[in-house]
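# no sequence on this one, just coordinates:
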């Protein structure tokens, strides 16, 4: 009986998990590696962020969060660093 219960929990549980999405944010004012470091640190310390990676080359940040996450929290985190972010688009993570 315990095996059946454990097996049923393992099979049903993944179906109830929220999907993750990737949010791409444009940050035009990033001009140096320190900018990228500051933005990454701010995003990664924001509650609900699974991963975050900024790029100086594209001047964008790719942030993975749970589906339905309030993206305004991401923009506020970026604003605390002195930069302004604009949501480019949202897509399922690769």
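Now that the structure is in, tell me what you want to look at. Because the structure is a prediction, the values reported are computed rather than measured.
# Now name the helix or strand holding the residue lying closest to residue 80 once chain neighbours are set aside.
Leaving aside its chain neighbours, residue 80 sits nearest to residue 42 (5.7 Å; criterion: C-beta to C-beta, 6 or more residues apart in numbering). Where you see a C-beta, it was placed from the backbone N, CA and C, and this is true even at glycine. Per DSSP states H and E: residue 42 is located in helix 33-44.
# Can you give me every residue that contacts residue 24?
Listed by C-beta atoms under 8 Å, 6 or more residues apart in numbering, the contact partners of residue 24 are 60-63, 87-91.
# re the thing from before, quick one: average confidence on the helix holding residue 42?
Mean per-residue pLDDT for helix 33-44: 97.
# so after that helix, what's the next helix or strand?
Following helix 33-44 in sequence, per DSSP H and E, is strand 49-55.
# where exactly do the helices run in the chain?
2-16, 33-44, 72-79 (DSSP state H).
# who does the shortest one touch, helix- and strand-wise?
Contact here means 3 or more C-beta pairs under 8 Å, 6 or more residues apart in numbering; DSSP states H and E; on that basis helix 72-79 packs against strand 20-26, helix 33-44, strand 60-66, strand 86-91.
# Perfect, that will be all.
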